[in-house]
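Enquirer: got a predicted model here, sequence first, then my questions.
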Number of protein chains: 2
Amino acid sequence: MTQCGLDVSLSIIGGKWKPLILYHLQDGPTRFSEIRRRVGGISEKVLIQQLRELVAMNVLVRHDHQQVPPVVDYTLTPFGGTLVQALVPLCEWGNQNRARVADML
Amino acid sequence: MTQCGLDVSLSIIGGKWKPLILYHLQDGPTRFSEIRRRVGGISEKVLIQQLRELVAMNVLVRHDHQQVPPVVDYTLTPFGGTLVQALVPLCEWGNQNRARVADML
DNA sequence: GATGGCGCTTACCTTTTGGTATGTTCTACC
DNA sequence: GGTAGAACATACCAAAAGGTAAGCGCCATC
């Protein structure tokens, strides 16, 4: 049986939003406001917070296009990419069990 | 690209402890105190809370052996088993990146 | 010239989550 | 007879996380 590395993963993707954010960055560089729309329900304040933390952990890179009005996008690093892949099964599990879980709430 | 089911999974395993608890239940029925020892660092109050929620979501079953002093154990349901399997990649990811992540903190 | 969008920041407040400490009932052990 | 351990319950408290609301500098559009 593999040793438990969940503590490590959870230290990065812990919290309500990070997994969702990462998921929505799979298609390449994405602008702040676009991420916000895709994730849905998250406030700007919280989104920036989470993005900063992910950048600090080298999961994302922030690219400021130095334009005005501002254009900034966020991209998964290769490291972040491996994380997202580890998230895929959970994503699929959720889809397969959406109805069942909804009934229980 | 698969639709995002992370919201569903997160509604079940959200929080600091649930993934860890599930992980440590992989080897079959486990007693309360044994879970506590395996997880490590969790208080009794919080552990019971989490276990109750997992039982309510049909991820675990609680078996009270009707003995005194009390003997109670918790077991993954088949449903819970599928969830744990979806957690495995994250677990492995954590192991592979433990050193790297530790450096960043 | 008011409005709206961009990517934020700040201050403040509420909710959620987790932690500590203590108590309970009963048995086994020293 | 004092202690320890089983599986909790309860009360209280601290910390973390998240949400709300406002504002900012600048530009484009109506």
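Expert: Happy to help now that I have it.
Enquirer: what stretches of chain A score poorly on pLDDT?
Expert: Across chain A, residues meeting the criterion (pLDDT under 70) sit at A:1-3.
Enquirer: look up the closest residue to the spatially most central residue of chain A, ignoring the ones flanking it.
Expert: The centre of chain A sits closest to residue A:22, judged by C-alpha atoms, centre = their mean, with a distance of 2.0 Å. Leaving aside its sequence neighbours, residue A:22 sits nearest to residue A:84 (C-beta to C-beta, 6 or more residues apart in numbering or on different chains; 5.1 Å). Where you see a C-beta, it was placed from the backbone N, CA and C, and this is true even at glycine.
Enquirer: centre of the chain to the strand or helix carrying the one you found, how far?
Expert: Assignment of secondary structure by DSSP states H and E places residue A:84 within helix A:78-96. Mean C-alpha position of helix A:78-96 versus that of the full chain (C-alpha atoms, centre = their mean, to the nearest Å) differs by 10 Å.
Enquirer: in chain A, which spans are strands?
Expert: In chain A, the strands defined using DSSP state E lie at A:30-31, A:60-64, A:72-76.
Enquirer: let me have these in TSV, extended by mean neighbour count and distance to chain B.
Expert: Below are the strands of chain A laid out as TSV (neighbours: other C-beta atoms under 10 Å in any protein chain shown; distance: least, C-beta to the nearest C-beta, whole Å):
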stretch	mean neighbour count	distance to chain B
strand A:30-31	18	14
strand A:60-64	15	13
strand A:72-76	18	14
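Enquirer: could I get these as JSON lines with distance to DNA strand C?
Expert: Converted to JSON lines, the strands of chain A look like this (distance: least, C-beta to the nearest atom of the strand, whole Å):
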{"stretch": "strand A:30-31", "distance to DNA strand C": "4"}
{"stretch": "strand A:60-64", "distance to DNA strand C": "6"}
{"stretch": "strand A:72-76", "distance to DNA strand C": "4"}
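Enquirer: tell me which of these lies nearest to DNA strand D.
Expert: Using C-beta to the nearest atom of the strand as the measure, strand A:72-76 is the one of these that comes nearest DNA strand D, at 11.1 Å.
Enquirer: and that closest one, is it in reach of DNA strand D?
Expert: No. Using C-beta under 7 Å from any atom of the strand, strand A:72-76 stays clear of DNA strand D, with a minimum separation of 11.1 Å.
Enquirer: and that strand with helix A:78-96, angle?
Expert: With axes from the mean of the first three to the mean of the last three C-alpha atoms, to 10 degrees defining the directions, strand A:72-76 sits at 80 degrees from helix A:78-96.
Enquirer: ok now strand A:72-76, how far from the chain's centre?
Expert: Using C-alpha atoms, centre = their mean, the offset of strand A:72-76 from its chain centre is 11 Å.
Enquirer: likewise stretch A:82-99?
Expert: The answer for stretch A:82-99 is 13 Å, by C-alpha atoms, centre = their mean.
Enquirer: can you check stretch A:73-86 too?
Expert: That offset, for stretch A:73-86, works out to 9 Å (C-alpha atoms, centre = their mean).
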